[in-house]
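Student: Could you work out the structure for the sequence below:
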Amino acid sequence: MTTNDPIAATHQRAARDERVVGLCYGLGAYTWWGSVVPLYLKLLRDAPALELLAQRVVFGLPVLLLLLASRNGMPELRRVLRDKRARLVLLASAVLLATNWFAFIYSVVNARLMDSSLGYYINPLVSVALGMIFLGERQRTTQWVAIILAAAAVTIMTIQRGELPWISVTVALTFGTYGLVRKTVRAGATVGLTIELLAMLPFAIGLYAWLIISGKAMLVSTGDQAASLGTAALMVLGGAVVIAPLVWFSAAARRLRLSTMGLLQYLAPTGQFLIAVFSGEPLHPYRLAAFVLIWIALFLFSFDSIRARFRAERPA
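Tutor: Take a look at the predicted model:
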């Protein structure tokens, strides 16, 4: 739609440019999560999963604090820290986030990235189910079908394996619940994550101390000097590797519709799935069947969400 009003035209161009910038940030964040992060963790697959979890906290927190300081975010950080309820909520979300991170890290270093990919595919449907249970949100028929298909995918993997696919279930439930919990606290994404890492810091330091004392810490390995320095450099870079996509995600979320962000989020598990396949993880028939069910469920869910959005925006 064009307009002869130069001021309105300028605003339209500015809004369009903002959407383009937001799309670039969103593509960068989800592509990074789906490719760079798992490939980075594969470079450190000889390190214990607990060390890689501690490393995210120890080297990620300084990056976040510097980012907040550069953006004048310290006043908000102090405000949230003074709020007792916010501290308790963010402590709970920190536990959920740490569990989610550990399950993902474990899946990468143990060549089970495909399980993690399935979990992140299921996550949007878990979020819908949690909204229905805890927030009283009503679901449309198509969304119910998508949730049932996701449950069927998990059932197939459970029957074929003889055990619950705990990585997939843990990743989906913890991240879905994390989103639900974070909705209840008034804190920006960067400030909230900073407080969560502050809550994890004592445990991360304790983990590192235990790993160093027991001789299991890869950060201070006593092998070949060049290799040790390279590993130490990779470990220190872990903070930036983890924080960068979170910053881009926050920038994208401010500029894009939720429906657009919802579609972009499928890039991450798709990248993880492709890396798992090309890394040689077996794609057994039951796994393929589970993924096909999830893909069908997500197609129905996305189609229904987009259709509902257009209906809501249609002029009366």
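
Student: Show the contacting residues for Leu207.
Tutor: Leu207 is in contact with Leu50, Glu51, Leu53, Ala54, counting by Cβ atoms under 8 Å, 6 or more residues apart in numbering. For every residue, glycine as well, the C-beta is placed using N, CA and C.

Student: right, and the helix or strand after the strand or helix carrying the third one?
Tutor: Taking DSSP states H and E as the definition, one finds Leu53 inside helix 49-70. For helix 49-70, the succeeding helix or strand toward the C-terminus, using DSSP H and E, is helix 74-82.

Student: Can you get me a residue count around Ser279?
Tutor: Counted with other Cβ atoms under 10 Å, residues neighbouring Ser279 total 14.

Student: these two touch, right, it and Val109?
Tutor: No - between Ser279 and Val109 there is no contact under Cβ atoms under 8 Å: 11.9 Å.

Student: Overlap of the contact sets of those two?
Tutor: Taking Cβ under 8 Å, 6+ apart as the criterion, Ser279 and Val109 both touch Lys42.

Student: still on that earlier bit, can you pull the buried residues of the helix holding Leu53?
Tutor: 49-61, 63-65, 67-68 (16 or more other Cβ atoms under 10 Å).

Student: so what does it touch, helix or strand wise?
Tutor: On a contact count with 3 or more Cβ pairs under 8 Å, 6 or more residues apart in numbering; DSSP states H and E, helix 49-70 meets helix 84-109, helix 189-213, helix 225-255.

Student: Rounded mean pLDDT for the longest one, please.
Tutor: Read that as helix 225-255. Per-residue pLDDT over helix 225-255 has a mean of 80.

Student: what angle sits between it and helix 84-109?
Tutor: Per axes from the mean of the first three to the mean of the last three Cα atoms, to 10 degrees, the angle that helix 225-255 makes with helix 84-109 is 130 degrees.

Student: what distance separates helix 225-255 from the centre of its chain?
Tutor: 14 Å (Cα atoms, centre = their mean, to the nearest Å).

Student: quick one: buried residues of it?
Tutor: Applying 16+ other Cβ under 10 Å to helix 225-255 flags 231, 234-235, 238-239, 241-249, 251-253, 255 as buried.

Student: picking that back up, relative to Met114, which of the contacts of Leu207 is nearest.
Tutor: Leu53 (20.5 Å; Cβ to Cβ).

Student: if we can go back for a sec, next, format the contacts of Leu207 as JSON lines and append distance to Leu211 and pLDDT.
Tutor: As requested, these are exported to JSON lines (distance: Cβ to Cβ, whole Å; pLDDT from 0 to 100):
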{"residue": "Leu50", "distance to Leu211": "7", "pLDDT": "93"}
{"residue": "Glu51", "distance to Leu211": "5", "pLDDT": "92"}
{"residue": "Leu53", "distance to Leu211": "11", "pLDDT": "94"}
{"residue": "Ala54", "distance to Leu211": "8", "pLDDT": "93"}
